[in-house]
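Participant: Any chance you could fold what I've pasted below:
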Amino acid sequence: MSRGRSAAGRGFITAKRTNSGSLAFEEHSSVSSDEDPSKEYYCIAAFHQMHCLAIIYNAVYSKNHSAHRHRDDHSDHTKHCIDYLRQSIMCASDATLEGSGVLGGDGNPVRAVDGWNSTHQCRDWDSLYDFASRHRMLDSDGIV
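Facilitator: Model (predicted):
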């Protein structure tokens, strides 16, 4: 994966509905759907998922480090993200068989599954990243 975790525009894209009902994706447009009611906006799920992973990471990290405080006003957002990722995992249902191995370099070896060294069938992240960047609705970047 040669690209970052979030594309320009953070995965938000604009499209217009054609007469046949399909979506016509536009090249980068800074015009929002509020300014042009013929436009609809969407977020590509993979970027929403990466955003949610970052939200959960920040919530866990900030609770374990006194220099960073978890903001309670984001607890509903964190709960949303946990459930959203659960649904995404269930939807993708990766059926790859992950083998077990001996883990534990701390002197207590155990047989467990770590998820490494298994071959998964992945989608092309670079293509998705390029599509999102090309059709972005915003010029913002970042993941959160």
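Participant: could you pull out the strands for the chain?
Facilitator: Remark: strands assigned in the chain by DSSP state E are 12-17, 23-25, 39-43, 101-103, 110-112.
Participant: From the contact counts, what lies against the fourth one?
Facilitator: Using 3 or more Cβ pairs under 8 Å, 6 or more residues apart in numbering; DSSP states H and E as the contact criterion, the secondary-structure elements in contact with strand 101-103 are strand 110-112. Heads up, the C-betas are built off the backbone N, CA and C, glycines and all.
Participant: Roughly how far does Ser93 sit from Leu85?
Facilitator: In this view, Ser93 and Leu85 are 14 Å apart by Cβ to Cβ, to the nearest Å.
Participant: With Cys43 instead?
Facilitator: In terms of Cβ to Cβ, Cys43 sits 14 Å off from Leu85.
Participant: Other residues contacting the helix or strand of the chain with the lowest mean pLDDT?
Facilitator: Ranking every helix and strand in the chain by mean pLDDT, DSSP states H and E puts strand 101-103 at the bottom, with a mean of 86. Contacting residues not belonging to strand 101-103 are listed as Pro109, Val110, Arg111, Ala112, Val113, Asp114, Asn117 [Cβ atoms under 8 Å, 6 or more residues apart in numbering].
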